[in-house]
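> build me a model from this:
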Amino acid sequence: MTKIKEEIEKIHKEVHKVILSTKYDKYKIVPYIARWAAELKYKEEYKDLLDSERINIAIYDVLTGKVSIEDIKKLPPLETRKKLSILQTTISSEEQPEKSSNEKQKKSKK
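Next comes the predicted model:
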């Protein structure tokens, strides 16, 4: 079992306890949890998870203090984050052909 799957199993078992014992106002913290869940979607290790798994991880991270509300407030707006992700994808896909053409040039010189 991978590290992420183990983490999901652990969180799934503990998330209800964490929700019931939190010091935060449960209704005011929802937007921060939603924003953190959206941010997790762009992280490589979490991008292939189901939305429900990502939400449970976000709930657990926020309510246990693994990520602070202040850190979430500092994140760029979601619309900006989506644009950044598109740019990063575009740039990385443009770099790959350059690498292969550089490799071809090196091989042809030999």
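> going forward, measure contacts and count neighbours with C-alpha atoms only.
Fine.
> state the mean pLDDT of the helix or strand containing D71.
Assigned by DSSP states H and E, D71 falls within helix 69-74. Helix 69-74 comes out with an average pLDDT of 94.
> what does stretch 37-56 give?
90.
> go ahead and name everything in contact with that stretch.
4, 8, 11-12, 15, 33-34, 57-58, 78, 85 (CA atoms under 8 Å, 6 or more residues apart in numbering).
> can you give me the strands in this structure?
Assigned by DSSP state E, the chain shows no strands.
> what about the residue nearest the centre of the chain, distance to Y46?
Geometric centre of the chain, nearest residue: L40, 1.7 Å, by CA atoms, centre = their mean. Counting by CA to CA, to the nearest Å, the separation of L40 from Y46 is 6 Å.
> please apply the same query to I19.
Distance from I19 to Y46, by CA to CA: 22 Å.
> dump the contacts of stretch 37-56 to TSV, plus neighbour count and distance to S68.
Below are the contacts of stretch 37-56 laid out as TSV (neighbours: other CA atoms under 10 Å; distance: CA to CA, whole Å):
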residue	neighbour count	distance to S68
I4	12	21
I8	17	20
I11	19	17
H12	14	20
V15	19	17
I33	23	10
A34	15	13
I57	23	14
A58	25	11
L78	12	17
S85	12	23
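> report the two of those separated the most.
Longest distance between any two of these is 29.2 Å, between V15 and S85; criterion CA to CA.
> other SSEs contacting the helix holding D71?
helix 30-40 (3 or more CA pairs under 8 Å, 6 or more residues apart in numbering; DSSP states H and E).
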